[in-house]
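Student: take a look and give me a structure for this.
(2 chains)
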Amino acid sequence: MRWYILKRLILVLPTLAGISLLVFLTIHLVPGDPAQVMLGERASAESVAALRAHMGLDQPLHVQFYRFFKGLFRGDLGRSLRTHEPVTRELLRRFPATCELALFSLLLACSGGILAGVFAAVRRGRMIDYVSMVLATAGISMPIFWLGLLLMLLLGVLVPVFPLSGRLSMHVDLEPVTHFYTVDAVLARDPQAFVDVLRHLFLPALTLCTVPMAVIARMTRASLLEVLKEDYIRTAWAKGLPERVVVVRHALKNAFIPTLTVIALEFGYLLGGAVLTETIFAWPGLGRWLFLAVQARDFRAVQGGVLVLATLFTLANLLADVLYSWLDPRIRY
Amino acid sequence: MTTSDLLTRRLSHWIGFLAMMLVWSCGEADRNTLIFARGADSVGLDPALENDGESFKVCDNIYETLVTYAPGSTDLQPLLARSWQTSPDGRTWTFRLRTDVEFHDGTAFDAHAMLFSLERQFNPDHPFHRVEGAYKYWKDMGLDEIVAAMEATDDSTLVIRLHTPSAPFLSTMAMNFAAAVSPAAVARYGDEFFRNPVGTGPFRFVEWRRDERLVLEANPSYWGTPPALDRLIFKPVQESAVRFLELRQGTVHGLDYVSPEFADDIRADPNLQLLTQAGLNVGYLAMNMDKPPFDDVRVRRAINHAIDKQALVDHLYRGLAVPATTPIPPTMWGHDDSIMPYAYDPARARALLREAGFPDGFGTELWAMPIPRPYMPQPDRVAQAIQANLAAVGIQADIVQWEWGTYLDKIFNGEHTMALLGWTSDSGDPDNILYVLLSKQAATKPAQNIAFYRNAELQDLLVEARRSVNHEHRVRLYHAAQQIVHRDAPWVPLVHTTQTIAFRRQVQEYTLHPTGIMRFHPVYISR
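Tutor: All right, here's what the predicted structure looks like:
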């Protein structure tokens, strides 16, 4: 097992090298000069040239790539062309924002999705089954943008329970240490800030969780139905075990492997940042930052951001693989 | 316990959690704090390096310049300079500076600090010339060519020598890029000065969490009247609908760039106020005169007659714009209001086309920006409207779009036939529109003069207007210049958009400025 993990971790390196080369080439080959985009219609030829020279864009491509790679080994991703900020600093601030939101919405998605899936499987063919599966289909097909605004109108304006945007109320002072604001609030022993952070998390997380929740619900239902047909479940029933024990301990644990795969994948996607959700709720996460970076041809930010995301995605999948063998001891690597 | 019991219990936990959220709403913000929502965050806060409106919105409150624009107009008045004079040949400007000003970091403001602020942009050998970024405004305003030398002759006197007399020079010095920055802070923060700004203005910097909040507070040792607000917070909220909801809920006090679709709701809400003012901008359609048939003035005039600008204003700008007659907006000095616009008259357009030898019209291309601009929030829809107008007189125009950087690159190199573009003047001087966009000089590739319009008579007028320091004379020259541009019709000047800003009713004393400067100094929140 330990060897397996180590081997997988080593394999991550060439994958990442390939990804950075690909990203580097793509962003340099698509049309659009970052200097021109940044300066807009006001730019004189001199200032575009000066900015290009400043960004190192006047150097040949291989020189630029060599510089990027050299910086990478020193942990220096350069400064963003769009915001002047060091890319590493931006990532350290934005990744926690995205990760906190992703974790919170995954929590909602798992509790809702597994609950609905189990309900639907156990009460198969009954009203509750149809209702939860119709809701799941609706969850998959609902446009995020529309849903976000709808939730905002319902729970932010009509019944003003939750704030409309941002991570923290403007009057709450919370010193960012880890940039995971829930953790920072705990570190600062500030219960009011903690609740404020949770209130801000709720609407974007609810918006973001619909798709994963629906996917998880359908996957849980399908695999649980399979397992419930097994002989050992019939045995469990025959032994006179209560429904909770049969479903949760015997069936659900075995039905969980496909669901876990889905959860790991969904977590990977959520970490990629949700451009729309972040835009609607003014969430200072990775997704929108990367989106703007691509638009501005800010290649340093794009390279850094994609690299970090690719790493995380790979690690999330590795984690899922490791969890399989924990769930099903028959799986060995 | 059955599964459904368990599920019910879980569900009730969630309901309990929601109820807790409902009950425990957090405290109120300080009553003397103004929260302003805007569509994007600042790029940076070093005035010499920035290029975007969102950065200057904040810089306008932190920094001050030698001279400044009077409230509501582009007339100039003293700020850090008490007075100034020009030598008889118009080439030496002497500024006498205030002696009672200090920077937010406690260091004194004097002529040496002012010299430092300008010289670091101008002199490549200056120890702080090499920084992260480029001095874009300094270059774009042509100051590298205009300024010959500068020196601080004593603690309160700054002398700037020019190569040639330049009338727009003084209004250029009122722009934020020419503001005083603390030399001590620039030395201390280096490349990080852009996020640790230190100026002399009424507000000083407190905190910036990018894309979350940017906090300023009143400068307690301000040399002038202290600001009425204790704190000023800029909050980026990208979605215009969400900004509007936040304003209505009262979680923010103000917002700018009001979307036309919310303007009526804001006007109708007794808790809100909408301020509007004609902006110093122009959105235009340029015809590339290097390419036939646009080398024929009859064709260009026909297109001017074919486009229904009033319909654009009514339907696409929802009244938040005025149709343009000349490139100079009516709110800018030097605008010639004696010019009669080309009336919307398709019959006249067809007659002109017939006269030019195109009785059945012709096919061409219409290039449109891919992204909204302040002077044209919906360029694709404007292009479609113009396409329909042109089709009605027999001109079949295909709409062409490119990614923004490529678009600019291609039109600056004259690859288009007809193209939409625009300009916002932030110096408030007609030179900043007419010379930059229509002079012969500007028609050299990569060209800002994308009509590739070259008129020697106009060029002479513009050069003379640039050199003259007599205001009345300059007005006459710009009137004559607009007459020539109108006659030759290199553009269809489309619209001048209106600046908009909305506030909660309690916010008092905010005035819109034609150049788009945002000053929160006099603003207060009534109880």
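
Student: low-confidence ranges, chain B, go.
Tutor: Residues of chain B meeting the criterion pLDDT under 70: B:1-30, B:131-133.

Student: okay, domains of it per the record?
Tutor: For chain B, the structural domains run B:3-43+B:201-278+B:500-525, B:53-193, B:281-498, going by automatic domain parsing.

Student: hmm, the last one in reach of chain A?
Tutor: Looking back up the chat, that one is domain B:281-498. Yes. If you take Cβ under 8 Å from any Cβ of the partner chain as the test, domain B:281-498 does meet chain A, through B:373, B:402-406, B:408-409, B:412, B:421-423, B:446, B:448. Using the backbone N, CA and C atoms, a C-beta is placed for each residue, glycine as well.

Student: need the pLDDT of the one residue in the stretch 101-250 of chain A that gets nearest to chain B.
Tutor: Residue of the stretch 101-250 of chain A nearest chain B, by Cβ to the nearest Cβ: A:His171 (3.8 Å). Per-residue pLDDT puts A:His171 at 88.

Student: for the residues of domain B:281-498 next to chain A, which one is nearest chain A?
Tutor: B:Gly405 (3.7 Å).

Student: what's the strand or helix carrying the closest one packed up against?
Tutor: Assigned by DSSP states H and E, B:Gly405 falls within helix B:404-412. Counting contacts by 3 or more Cβ pairs under 8 Å, 6 or more residues apart in numbering or on different chains; DSSP states H and E, helix B:404-412 is packed against helix A:34-39, strand B:363-368.

Student: hmm, try it at 10 Å
Tutor: Applying 3 or more Cβ pairs under 10 Å, 6 or more residues apart in numbering or on different chains; DSSP states H and E, one finds that helix B:404-412 contacts helix A:34-39, helix A:45-55, strand B:363-368, strand B:396-401, strand B:418-424.

Student: please name whichever of those is nearest to B:Arg248.
Tutor: Smallest distance to B:Arg248 across the helices and strands packed on helix B:404-412 (Cβ to Cβ): 28.6 Å, for strand B:418-424.

Student: can you name the element that comes right after the closest one?
Tutor: helix B:431-438.

Student: all the helices of the stretch 151-300 of chain B, residue numbers only.
Tutor: Assignment of helices within the stretch 151-300 of chain B using DSSP state H, counting those that start in this stretch yields the ranges B:169-172, B:183-189, B:240-249, B:260-268, B:297-306.

Student: return the last one as CSV; C-alpha atoms alone will do.
Tutor: What follows is helix B:297-306 as a C-alpha-only set of coordinates in CSV (Å, rounded to 0.1, in the frame of the first residue of the first chain):
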residue,chain,number,x,y,z
VAL,B,297,-17.2,61.5,-48.7
ARG,B,298,-20.7,60.9,-50.2
VAL,B,299,-20.6,57.3,-49.0
ARG,B,300,-19.5,58.4,-45.5
ARG,B,301,-22.2,61.0,-45.4
ALA,B,302,-24.8,58.5,-46.6
ILE,B,303,-23.9,56.2,-43.7
ASN,B,304,-24.2,59.1,-41.3
HIS,B,305,-27.7,59.7,-42.6
ALA,B,306,-28.6,56.0,-42.5
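
Student: report the buried residues of that helix.
Tutor: B:298-306 (16 or more other Cβ atoms under 10 Å in any protein chain shown).

Student: quick one on the thing from earlier: wait, the residue of the stretch 101-250 of chain A closest to chain B sits on B:Asp230?
Tutor: No. Using Cβ atoms under 10 Å as the test, A:His171 is too far from B:Asp230 to be in contact (11.9 Å).

Student: does the nearest residue to B:Ala419 once chain neighbours are set aside have beta-bridge partners, and which?
Tutor: When the adjacent residues along the chain are set aside, B:Ala419 lies closest to B:Trp367, with 3.9 Å between them (Cβ to Cβ, 6 or more residues apart in numbering or on different chains). Counting by DSSP bridges, B:Trp367 is bridged to B:Val400, B:Ala419.

Student: measure B:Trp367 to B:Leu512 for me?
Tutor: Look at B:Trp367 and B:Leu512: by Cβ to Cβ, to the nearest Å, they are 32 Å apart.

Student: between those two, which one's more packed in?
Tutor: Taking neighbours as other Cβ atoms under 10 Å in any protein chain shown, B:Trp367 and B:Leu512 compare with B:Trp367 leading, 26 against 20.

Student: ok, the residue in the stretch 201-333 of chain A that chain B sits nearest to - contacts?
Tutor: In the stretch 201-333 of chain A, the residue that lies nearest chain B is A:Pro284 (3.6 Å; Cβ to the nearest Cβ). Neighbour list for A:Pro284: A:90, A:93-94, A:97-98, A:166-167, A:179, A:278, B:41, B:209-213, B:236 [criterion: Cβ atoms under 10 Å, 6 or more residues apart in numbering or on different chains].

Student: please apply the same query to B:Ala392.
Tutor: Contacts of B:Ala392 (Cβ under 10 Å, 6+ apart): B:306, B:308, B:346, B:349-350, B:361.

Student: list just the nearest of those residues to A:Thr261.
Tutor: The shortest approach to A:Thr261 among the contacts of B:Ala392 belongs to B:Asp308, at 58.9 Å (Cβ to Cβ).

Student: name the single longest helix found in chain A.
Tutor: Criterion DSSP state H: the longest helix present in chain A is helix A:191-228.

Student: just the buried positions in that helix, please.
Tutor: For helix A:191-228, the neighbour count (16+ other Cβ under 10 Å) marks A:193-221, A:223-225, A:227-228 as buried.

Student: then stretch A:63-81?
Tutor: Per 16+ other Cβ under 10 Å, stretch A:63-81 contains these buried residues: A:64-65, A:68, A:71-72, A:77-81.

Student: compute the first-to-last residue distance for that stretch.
Tutor: 18 Å (Cα to Cα, to the nearest Å).

Student: now swap in stretch A:165-180 and tell me
Tutor: Stretch A:165-180 end-to-end distance (Cα to Cα) = 17 Å.

Student: and stretch B:181-197, by the same measure?
Tutor: 8 Å.

Student: and B:Gln396, how many neighbours?
Tutor: Count around B:Gln396 with other Cβ under 10 Å applied: 13.

Student: oh, that last question was meant for A:Glu46, not what I typed.
Tutor: 15.

Student: my guess is it meets B:Asp144, correct?
Tutor: Yes. Between A:Glu46 and B:Asp144 there is a contact under Cβ under 10 Å: 7.7 Å.

Student: quick one: B:Arg248 from A:Phe202, how far?
Tutor: Per Cβ to Cβ, B:Arg248 is found 21 Å from A:Phe202.

Student: what's the answer for A:Asp196, then?
Tutor: Relative to A:Phe202, A:Asp196 is positioned 11 Å away (Cβ to Cβ).

Student: hey, what's in contact with both of these two?
Tutor: A:Pro163.

Student: what's the burial count for the residue of the stretch 151-300 of chain B found nearest chain A?
Tutor: At 3.6 Å from chain A, B:Asp211 is the closest residue in the stretch 151-300 of chain B, using Cβ to the nearest Cβ. B:Asp211 has 27 neighbouring residues, counting by other Cβ under 10 Å.

Student: surely A:Glu230 and A:Ala251 touch.
Tutor: Yes. Between A:Glu230 and A:Ala251 there is a contact under Cβ under 10 Å: 8.1 Å.

Student: of these two, which one has the most company?
Tutor: Neighbour totals were compared for A:Glu230 and A:Ala251, and A:Ala251 leads with 25 against 14 (other Cβ under 10 Å).

Student: need the contact list for that one.
Tutor: A:118, A:121-122, A:223-230, A:232-233, A:236, A:245.

Student: try it again with 7 Å
Tutor: A:Ala251 makes contact with A:224, A:227-228, A:233, according to Cβ atoms under 7 Å, 6 or more residues apart in numbering or on different chains.

Student: re the thing from before, now, which of the buried residues of stretch A:63-81 lie close to chain B?
Tutor: A:Arg79 (Cβ under 7 Å from any Cβ of the partner chain).
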